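In: Here is a sequence with its predicted model. Questions after.
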Amino acid sequence: MANIKNLQMWNTICNDLRISISKSLFGLKTNAVYKKTGSKIMAKTIEFSPTDGERLKSILNTPKAQMSQAIGDYRPKPIVNGNYMMEICVSEDSKFIALQLLQFNRLNYEPVSELHFFEGEDAKTIEKMFGNHK
């Protein structure tokens with residue numbers, strides 16, 4: 001599990017009206033909650049090979065109406081020290097997901113996709129692709 005405050009998408013998540021941010025434990029712990037369902041949001045990062053990274057980039061460029069078909073039964077395989085990294089924020093009930101694909105370039109991961117938000121069934125479809133990467 002990644003610390004949600006360390007994600008590059010953190011500032012955007014904080015300003016999203018669908019998300020409630022609270023601090024606890026003397027300000028040391030930050031909690032994010034999907035307001036619509038009251039479900040806590042967990043953050044994770046997963047690294048991928050160049051092949052999987054390019055496929056993920058292609059999927060994220062697909063219109064939402066066709067995304068389920070583009071994903072099919074594709075399940076990217078995480079690796080250590082991958083060339084691509086996906087930042088993912090997913091609610092515990094899988095009804096909200098935010099993700100962004102980054103690529104390692106100049107000694108840092110830089111975004112290569114927009115920040116994407118999915119809700120409801122769209123979120124569940126996307127989460128299934130990464131669901132086995134806890």
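Out: That came through fine.

In: can you tell me the helix or strand for the most centrally placed residue in the chain?
Out: Nearest residue to the geometric centre of the chain (CA atoms, centre = their mean): residue 88, 1.8 Å. For residue 88, the element it lies in under DSSP states H and E is strand 84-91.

In: Send me that strand as CSV with only the CA atoms.
Out: Output of strand 84-91 as CSV, limited to C-alpha atoms (Å, rounded to 0.1, in the frame of the first residue of the first chain):
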residue,chain,number,x,y,z
TYR,A,84,6.0,2.2,-16.1
MET,A,85,4.2,2.8,-12.9
MET,A,86,0.5,3.1,-12.3
GLU,A,87,-0.8,5.2,-9.4
ILE,A,88,-4.1,3.9,-8.3
CYS,A,89,-6.6,5.1,-5.7
VAL,A,90,-9.5,2.7,-5.3
SER,A,91,-12.4,2.7,-2.8
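
In: What pairs with that strand, parallel or antiparallel?
Out: If you go by DSSP bridges, strand 84-91 pairs up with strand 39-48 (antiparallel), strand 96-105 (antiparallel).

In: Identify all contacting residues around the first one.
Out: Okay, so that is strand 39-48. Residues outside strand 39-48 that contact it (CB atoms under 8 Å, 6 or more residues apart in numbering): 1-4, 7, 13, 19, 31-34, 56, 76-93, 95-96, 130, 133-134. Just so you know, the C-beta spots here come from the backbone N, C-alpha and C atoms, and that holds for glycine as well.

In: What subset of these is buried?
Out: By neighbour count, with 16 or more other CB atoms under 10 Å, the contacts of strand 39-48 hold 4, 7, 13, 19, 32-34, 56, 76, 78, 82-91, 95-96, 130 as buried.

In: what's near enough to touch the residue nearest to the centre of the chain?
Out: 43-46, 97-99, 130.

In: I'd like these laid out as CSV, including pLDDT and distance to residue 71.
Out: CSV is the format used below for the contacts of residue 88 (pLDDT from 0 to 100; distance: CB to CB, whole Å):
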residue, pLDDT, distance to residue 71
43, 94, 21
44, 94, 18
45, 95, 20
46, 96, 15
97, 96, 13
98, 96, 17
99, 95, 13
130, 80, 10
